[in-house]
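K.L.:
Sharing a model that was predicted from the sequence below.
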Amino acid sequence: MSSNAEILADFIGDKEQILITVDSMKALYSEQIRDKVDRLWDRIVKDNYLFNGIVANLHCYSFSEDKLMLTLREDEYRYFYALNLKNAVPDNYTNTLAICSVVVTADKMIVIGKRSMLLAEGNEEWHVPGGTIDERVLMGMHPLDMMKAELEEELNISESDIISIKCIGLGVNHVYHKPEILTYTELSINSQELSQKMEFAKDFREHSCIRFLKANEIDDFLCKNKIAPIGELCLERFMKVYWKEV
């Protein structure tokens, strides 16, 4: 297992077992931090296509055998970019939350993509599909429903293509100091059908390459390629929990 990521909550459950509370208080930063972030952001966005969207900050969490409880606060992407990715104020990090999923097709192939150079984080790393939790969840969408929306945007996977999606844990990427909901998505379509569909995905350019792997090829692939730490953790978690089923 990668030393750059670890499991925070050893939890396996369905949508109904993940309880979300949105705190009315937004994430708070000192005047000094806000000033440094503003100056860095203004300088960087002149030559980039970064968007300062609303994201969810994981304020606190707890879990039991049958429930994962997450309390979220509203935050802005620029703080994650400046503090976590660019280390603008050392040892001051956001707790921006993300979600990712091991996607398995009907013919038992696992989907993994190489992140595009256009992305702000993890570019040129292999990763399972996912994204940062944004304002959709803060406004009431469930994180697993947002994961379905991400799959439609990135790979053109429709709701009717999905048999089930389950949470398989809460992890953290120590490189970016970013917590992430880990999930497993089972599809009713095979890898050939998905290959044809994903060419028409809205955000297909998020990946420079997509691979389909058998479960027994995962370990070798992880050894030979640069993997996003949280993607590796999600794959390892999936293999531990669902290996016999796949």
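P.N.:
Nice, I can see it.
K.L.:
Report the beta-bridge partner residues of Thr96.
P.N.:
Assessed by DSSP bridges, Thr96 has beta-bridge partners Asn57.
K.L.:
so who does it touch?
P.N.:
55-58, 75, 77, 79-80, 84, 132-133, 178-179 (C-beta atoms under 8 Å, 6 or more residues apart in numbering). In this view, the C-beta of every residue, glycine as well, is placed from N, C-alpha and C.
K.L.:
Try it again at 10 Å.
P.N.:
Contact analysis of Thr96 by C-beta atoms under 10 Å, 6 or more residues apart in numbering lists 27, 55-58, 75-77, 79-81, 83-84, 132-134, 176-180.
K.L.:
now, which of those lie within strands?
P.N.:
55-58, 75-76, 132, 178-180 (DSSP state E).
K.L.:
Tell me where the chain has strands.
P.N.:
5-9, 18-22, 54-63, 68-76, 98-104, 110-115, 126-127, 130-132, 162-173, 178-187, 207-213.
K.L.:
Would you give the sheet partners of the worst-scoring helix or strand of the chain on mean pLDDT, along with the direction of each?
P.N.:
Using mean pLDDT, DSSP states H and E, the weakest-scoring helix or strand in the chain turns out to be strand 207-213, at a mean of 89. Sheet partners assigned to strand 207-213 using DSSP bridges are listed as strand 110-115 (antiparallel).
K.L.:
Give me the distance from the strand it pairs with to the chain's centre.
P.N.:
Strand 110-115 sits 13 Å away from the centroid of its parent chain (C-alpha atoms, centre = their mean, to the nearest Å).
K.L.:
same question, stretch 67-79
P.N.:
13 Å.
K.L.:
Going by distance to Leu40, which of the ones in strands among the contacts of Thr96 wins?
P.N.:
Glu76 (13.0 Å; C-beta to C-beta).
K.L.:
buried subset of the contacts of Thr96?
P.N.:
Buried by 16 or more other C-beta atoms under 10 Å: 27, 55-58, 75-77, 79-81, 83-84, 132-134, 176-180, out of the contacts of Thr96.
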